[in-house]
Structures are given as structure tokens and as C-alpha cells.
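Trainee: The sequence and its predicted three-dimensional model are supplied below.
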Amino acid sequence: MPSQNKGIINMKIGAIGSNPYRFNRQNSTSFKGDSRPFIINMGSREDIPKELDTDNFRTDSIQLLEFGEKPVKKLEGSYSPDNLVTGTIYYADHFEPVGDFVRGTHSVVVAEEKYMKPLTIERLLDNENDSPTVVNGQRYCLWHDVRYNKNKLKRMNIEIEPIDEADRKLLEEKGEQELHQSIKDAKETASTDEEKAIARYREVREMRRIVERTHLEILDEMERMNIDYYGRSKHPIPLIKVPDYEP
């Protein structure tokens, strides 16, 4: 079970010591779908970023570890032979896929292999066999990814409403397939950072629309069949909460 002590995260008690990179999950109930800071001792290594290597971290047999976009930084006031580096680790363990938000705002990500795979429009159009729990995880991921990409456009001073309105109009007049083809074409032809950011925002926003539709279909079906899937007495797995307002 993870223990926290003055900002240091031990994924397994006693694991950080002779090998500061060893992380392992012990079926914790307090460290799922969440992020935590970590500090590790790099010893006397001079070139810290190049020494951080996924092979030096240990997770359990069904998990993968990837590094996100947020850098790992040397802790101010630490010196050889005890160079300390700090960053943030995200533990994706609520059946949520790892998306743009998680990779873009964390140094390290741990998740099961199937949840490391990026979501696609095609994947979400073919999710009739997914459980309500998995669909809920997809909703959680895409809510945060839409907000993350929306904020990226705002930092670029790109207006969002015209993008949303154009996609709404295309969907209404030409249908879902035309919208999806338009997004695919935009991704393939994007050459500037702005064009790439707009295409990605459109994609995650459309994926969220699809998975929210699936979620409502599941709720309707469960109501029709009088199934209380989300009741704690019948479904003890805790479901991660998706915000009930727009990202």
C-alpha cells in the first residue's frame, strides 16, 4: 500500500532504497486514477534526464510505465552523492484510458497495457461490448482531454466557439461519417502547431460526444431492464466520478 512521507511516494514500502526506481502496486484503494508527487535519489549521476529510463522502474506484470511530457526536475538544495529529482506520477487504475491530459501534465504514468492505448473514434463507435464501468472510464478520460485541449487553444488565442459551431453544423447537415472524415482529413493535412491543435481538439470533442451517447444508451437500457448496475450493494467497484458540467 502506498505510503506518503514529506512528498516522497513509496509505491511499495521499502522498495525505494537501494534501487530508488522500483515502483509496485499493492492493490491500493487510495491511489487510483490519481496523481502524486514523487522524489527519488539519483545518487551522483550528472545527466539526470537521460538516466530516467522505463527499464529502471518496476510495476506489476500487467502494467506499463510511460513518461509524460512534464519534466523531471532536480530538487533545489540536493547535491552529489544525493541528487534528488522530483516530478508527478499518475496512476490510471479506474478503468480510464490514458489520454492527453494525463500525459501532458505528469512526469510518469502507470496503467494496464490496454489502457495505455489511445482512444480513437473507430474504437468508440465499436464499444457495444464495453461494460458500463469501462464506458465511464472513457467518459472521465475524454472530459479531461477536451478541457486540456480547449485550454491549449485558448493559450494560442484561437477562438473555440467557431470550431464547435462548424462541427455542429457539419454533423447536422452531412451526418456523422462526414464529420469524422473531416476530422481525419484535418489531422492528416495539419502542418502548423495551430492546425494540429485544432484537429486534435475536434477529435477529442467528437469522441466525447460519442461516448456520452453510449453512456445515455446504457442508462436507458438498464432502466428498461430494471438493473441497478451503479448501486453499491450490487456493484462494489467504486466508479470514478465524471464532472457534471462542461469541460
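Mentor: Arrived safely.
Trainee: Buried residues, the longest helix anywhere in the chain. List them.
Mentor: As assigned by DSSP state H, the longest helix anywhere in the chain is helix 193-224. Going by neighbour count (16 or more other CB atoms under 10 Å), the buried part of helix 193-224 is 197-212, 214-215, 218. Using the backbone N, CA and C atoms, a C-beta is placed for each residue, glycine as well.
Trainee: Please apply the same query to stretch 149-160.
Mentor: Using 16+ other CB under 10 Å as the burial criterion, the residues of stretch 149-160 that qualify are N149, K150, K152, L153.
Trainee: What of stretch 34-41?
Mentor: Using 16+ other CB under 10 Å as the burial criterion, the residues of stretch 34-41 that qualify are S35, R36, F38, I39, I40, N41.
Trainee: ok, which stretches of this structure are strands?
Mentor: 3-5, 8-10, 34-43, 63-67, 73-74, 83-92, 108-112 (DSSP state E).
Trainee: on that earlier part again, adding pLDDT and distance to L170, write the buried residues of stretch 34-41 out as TSV.
Mentor: Shown next, in TSV, are the buried residues of stretch 34-41 (pLDDT from 0 to 100; distance: CB to CB, whole Å):
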residue	pLDDT	distance to L170
S35	78	36
R36	75	41
F38	76	44
I39	77	49
I40	74	48
N41	74	54
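Trainee: Let me know the closest of those to G175.
Mentor: Nearest to G175 out of those is S35 (CB to CB; 38.9 Å).
Trainee: show me the residues around the closest residue to the closest one other than its chain neighbours that make contact.
Mentor: Excluding the flanking residues, the one nearest S35 by CB to CB, 6 or more residues apart in numbering is Y90, at 4.5 Å. Y90 is in contact with D34, S35, G68, V98, V102, T105, H106, V108, V109, V110, counting by CB atoms under 8 Å, 6 or more residues apart in numbering.
Trainee: Hmm, W143 and G99 touching each other?
Mentor: No: at 9.7 Å, G99 does not count as touching W143 under the criterion of CB atoms under 8 Å.
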